[in-house]
Each structure stands twice: as structure tokens, then as C-alpha cells.
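K.L.:
my questions concern the predicted model and sequence given below.
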Amino acid sequence: MALIEIADFEKWGNLLKEWARGKTPPRTPQELKDQMASAGVAGRVSDEVKSVQFIVPDDKTLVILLPAPKAIDAAEAQMARPPAGVPYPLPAFYKEAFGGADANPKDWKTFNAQRLGEYTINSCH
């Protein structure tokens with residue numbers, strides 16, 4: 001189970017921008033849930049989450065956010081046994097970005113590694 005699920009990525013992205021620009025970010029899971037609700041972000045935070053941490057890099061520090069090993073294992077297990085023929089679920093906005101076409105890579109494990117690599121580099125600052 002994911003620690004956080006987001007249904008409205010636009011509102012979530014705007015909330016992230018607010019925190020990055022100085023709005024006080026949440027310090028607890030309940031504060032996170034409250035701020036998400038206040039911003040109209042559709043989603044959920046798992047009850048497994050016990051703390052929230054934000055890292056704001058400066059211009060001289062390269063921050064590389066690594067995924068949790070359990071998250072990697074869960075994604076790879078899902079690709080090995082895809083539910084309902086969807087080995088790697090993508091947010092709906094990907095379809096819009098690809099002009100209505102569904103992403104259908106030949107090798108989902110390679111796609112997963114590429115997406116993780118791209119996400120990590122895009123998240124580095």
C-alpha cells in the first residue's frame with residue numbers, strides 16, 4: 001500500500017509550490033491531511049505514516065532522494081503479477097501528455113527504472 005495517494009496532481013503540485021515558496025509545511029501526518037483537504041487535494045495519507053519530512057535544497061547542495069527499498073520491491077512485484085493487465089499504473093495526466101495514447105512500453109521493468117531515474121534527476125537540486 002502506498003504511503004500517500006494523490007488523485008488531483010494539479011492541486012497537489014500547487015500545494016507543493018506553496019510550501020517551497022514559504023508556506024509552513026506540515027510537521028505531522030494530521031497536519032498534512034488537513035493542508036491537503038484545505039487545498040482541495042483529493043487523496044489519502046496512510047495511517048502507517050508516523051512523520052513528515054521536507055527537504056529544501058540550496059543552490060550548492062545536490063539532494064538525491066532515493067526510494068524506499070520496500071517501494072522498489074512492491075513496484076517490481078506488481079509488474080511481475082499485474083492486476084487487470086495493468087503492470088505499471090500511471091497517473092491519468094500521462095495520457096493527456098501523450099496526446100491521448102496510452103503508455104505501452106514493451107518492457108515495463110525497464111520503463112520503471114527509466115521513470116525512477118528521470119524522476120530522481122528532476123527532483124535533484
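P.N.:
Structure's in. What do you need? Residues are numbered from 1 along each chain as shown.

K.L.:
ok, T110 - contacts?
P.N.:
Under the criterion of Cβ atoms under 8 Å, 6 or more residues apart in numbering, T110 has no neighbours. C-betas here are computed from N, CA, C, even on glycine.

K.L.:
and it, helix, strand or coil?
P.N.:
Classification of T110 using DSSP: H, G, I helix; E, B strand; the rest coil returns helix.

K.L.:
per-domain residue ranges of this structure.
P.N.:
4-45, 69-123 (automatic domain parsing).

K.L.:
what's the burial count for Q35?
P.N.:
17 (other Cβ atoms under 10 Å).

K.L.:
picking that back up, output the domains of the chain as CSV; include the columns distance to D58 and mean pLDDT.
P.N.:
Listed next are those as CSV, based on distance: least, Cβ to Cβ, whole Å; pLDDT from 0 to 100:
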stretch, distance to D58, mean pLDDT
domain 4-45, 13, 93
domain 69-123, 15, 73
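
K.L.:
per-residue pLDDT, P57?
P.N.:
On pLDDT, P57 comes in at 80.

K.L.:
thinking it is in contact with A20, fair?
P.N.:
No: with contact defined as Cβ atoms under 8 Å, P57 does not reach A20; the gap is 10.3 Å.

K.L.:
which one of the domains of the chain lies nearest to L62?
P.N.:
Using Cβ to Cβ as the measure, domain 69-123 is the one of the domains of the chain that comes nearest L62, at 10.4 Å.

K.L.:
the chain: strands as residue ranges?
P.N.:
4-6, 43-45 (DSSP state E).

K.L.:
what's the closest of those strands to V63?
P.N.:
Comparing these by Cβ to Cβ, strand 4-6 comes nearest, at 19.3 Å.

K.L.:
can you get me a residue count around E31?
P.N.:
13.
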